[in-house]
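J.: mind folding the following:
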Amino acid sequence: MEDLRIGPRLTIPGEELRVAFARSGGPGGQKVNKAETKVELRWNPGESGALSDADRRWLLTRLAARLSTDGDLIVTSERTRTQAQNRTDARDKLAELVRQALVRPKRRRPTKPSRGAVERRLKDKKHRAKLKETRAHRDE
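T.: Residues are numbered from 1 along each chain as shown. Predicted coordinates for the structure are as follows:
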């Protein structure tokens, strides 16, 4: 199998990918019980030589819910009627899944309001308080 390019920094070697085929579910015609068009693509990120240690740790935590007990990431496709198209679709799904999982969110940098913003807020508070104070002390 050919290598799977994830991005500019990562390419999964074809030897690390395992493909299995099965019969697709759902309605079909005369060929439904003969053709194995469903594709199951497996990759083990824990044993992959394509990942750095930091990327491996990050991926394993982000994809923990999707990994099998063997540590395999399993992607299936039965979207189309042909095995070749489903194989391409499964490869695309795996690439997108790994690409999304490798994205690290930006670290939030705490900010504080400017002096002018604080002064405006306090001025507005005093104005509101004064308005309410004038309403409260009416003698009738």
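J.: find the helix or strand that the residue most central in space within the chain is a member of.
T.: Ranked by distance to the mean C-alpha position of the chain (CA atoms, centre = their mean), the top residue is Q100 at 4.1 Å. Using DSSP states H and E, Q100 sits in helix 83-102.
J.: check which helices and strands that helix sits against.
T.: For helix 83-102, the packing partners by 3 or more CB pairs under 8 Å, 6 or more residues apart in numbering; DSSP states H and E come out as strand 4-5, strand 18-22, strand 38-43, helix 53-62, strand 73-77. Placement of C-beta: from N, CA and C, glycine included.
J.: TSV for those, including mean neighbour count, distance to L122 and mean pLDDT?
T.: As requested, the helices and strands packed on helix 83-102 are arranged in TSV below (neighbours: other CB atoms under 10 Å; distance: least, CB to CB, whole Å; pLDDT from 0 to 100):
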stretch	mean neighbour count	distance to L122	mean pLDDT
strand 4-5	16	57	90
strand 18-22	13	65	91
strand 38-43	20	58	93
helix 53-62	14	44	92
strand 73-77	19	55	94
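J.: just give me the longest helix of this protein.
T.: With secondary structure taken from DSSP state H, the chain has its longest helix at helix 115-136.
J.: and that one, what other elements does it pack with?
T.: Of the remaining helices and strands, none touches helix 115-136 by 3+ CB pairs under 8 Å, 6+ apart.
J.: point out where this protein drops to low pLDDT.
T.: 28-32, 137-140 (pLDDT under 70).
J.: the residue nearest to the centre of the chain: what's it in contact with?
T.: For Q100, the contact set (CB atoms under 8 Å, 6 or more residues apart in numbering) is empty.
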